[in-house]
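Novice: got a sequence here, can you model it:
(chains A and B)
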Amino acid sequence: MPPLARYHIKAGLVHFAAALLLGVLLAAQPVFALPPQIAALRPVFLHLLMVGWVTQLIMGVAYWMFPKESKERPRGSVRLGWAVFLLLNGGLALRVIGEPLLIFQPGPAAGGALALSAVLQTAAGWGFIANTWHRVKER
Amino acid sequence: MPRLSVWMVRTALLHLGVGFTVGGLLLFNKGAPFDSAAWALLQVHVDLLIFGWIMQLAMGVAYWILPRFAQPPKYGRTWLAALAFGLINAGALISAGGQWVGSAGWTLVGRAAIFLAGVCFAVHIFPRVKPMEFVTPPER
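Specialist: Here you go, the predicted structure:
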């Protein structure tokens, strides 16, 4: 398995564990009368699970297993692959920081973090598409 | 990769791109609000990514990777999988569009098409969930 696929899958597992932990916190909020603002972290929970885990696992496995693009560039652009990894995980990390910040301490820092997170994750998505498109082909 | 898988996976990638872009707009709008009407796109984001991306990618990869039959047609009843491809894309787009414009009727049509896509694909792929078949070469 190439290093980038391993990084994607291992980072995905970290997001998976973080999402499940946040899921416990969300369920504990009404039971232990925790601050009601915690309930607003549901989007972070869903995106850690669906983007950080499911989509990132797909990205890792696709990079590893999809048909080779060519003999010279079997997995497309390695540089673009790493850029996608950094953009996706950087973008998600900014969201994990920005969403609670927006709830507990709203201001330009929180808003800026979320706006930047949006740009990074969108770029990651299109970067993955660009790098994968030519590998989706008939033999 | 068989042609139908190529179509499914590439179309799923397009749904990923559009779904991520819509999600990016929503998140940007949350951090730096520019249009309160943008929230109407939330269900478009969800439907494109759940049905158009994840579900369709799973179908495309399953059609490619699950055991084939030793005798033709190797991929089974291909028309059912092709029908599922058409239905899931029409369904995801109609459902997303219906929710965007607030039409319960179109949303229902879209979701029904997605349901039929799931049924067609399950009926197609069910017999291929089986042990590998090996064709022994004739003895000389």
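Novice: now chain B against chain A: closest residue?
Specialist: Distances between chain B and chain A by CB to the nearest CB are smallest at B:Gly31, namely 2.9 Å. C-beta here means a position set from N, CA and C on the backbone, and glycine is covered the same way.
Novice: residue 40: neighbour count?
Specialist: Going with chain A. 15 (other CB atoms under 10 Å in any protein chain shown).
Novice: hmm, I had chain B in mind actually
Specialist: 14.
Novice: ok, it touching B:Trp100?
Specialist: Yes. Between B:Ala40 and B:Trp100 there is a contact under CB atoms under 8 Å: 5.9 Å.
Novice: residue boundaries of the strands in chain A?
Specialist: Counting by DSSP state E, chain A has no strands to list.
Novice: how far away is the residue positioned nearest the centre of chain B from A:Ala11?
Specialist: In chain B, the residue lying closest to the centroid (CA atoms, centre = their mean) is B:Gln56, at 2.2 Å. Using CB to CB, to the nearest Å, B:Gln56 is found at 24 Å from A:Ala11.
Novice: in chain B, which helix is the longest?
Specialist: helix B:3-31 (DSSP state H).
Novice: what of chain A?
Specialist: helix A:3-31.
Novice: next, the buried residues of stretch A:113-122.
Specialist: For stretch A:113-122, the neighbour count (16 or more other CB atoms under 10 Å in any protein chain shown) marks A:Ala113, A:Leu114, A:Ala115, A:Leu116, A:Ser117, A:Ala118, A:Leu120, A:Gln121, A:Thr122 as buried.
Novice: what does chain B put close to chain A?
Specialist: Proximity of chain B to chain A (CB under 8 Å from any CB of the partner chain) is limited to residues B:1-3, B:5-6, B:9-10, B:13-14, B:16-17, B:19-21, B:23-28, B:30-32, B:49, B:53-54, B:57.
Novice: give me the residues contacting stretch A:125-132.
Specialist: With contacts defined as CB atoms under 8 Å, 6 or more residues apart in numbering or on different chains, stretch A:125-132 is touched by A:59, A:62-63, A:66, A:76-77, A:80-81, A:83-84, A:87-88, B:13-14, B:16-17, B:19-21.
Novice: cool, and stretch B:93-101?
Specialist: So stretch B:93-101 is contacted by B:40-41, B:43-44, B:47-48, B:51-52, B:104-111, B:113-114 (CB under 8 Å, 6+ apart).
Novice: how about a cut-off of 10 Å?
Specialist: B:15, B:18-19, B:22, B:40-49, B:51-52, B:103-114 (CB atoms under 10 Å, 6 or more residues apart in numbering or on different chains).
Novice: rounded mean pLDDT for it, please.
Specialist: The pLDDT scores in stretch B:93-101 average 96.
Novice: next up, the contacts around the residue in chain A positioned nearest to chain B.
Specialist: For chain A, the residue closest to chain B is A:Leu114, as judged by CB to the nearest CB, at 2.9 Å. By CB under 10 Å, 6+ apart, the contact set of A:Leu114 is A:94-95, A:97-99, A:101-102, B:27-32.
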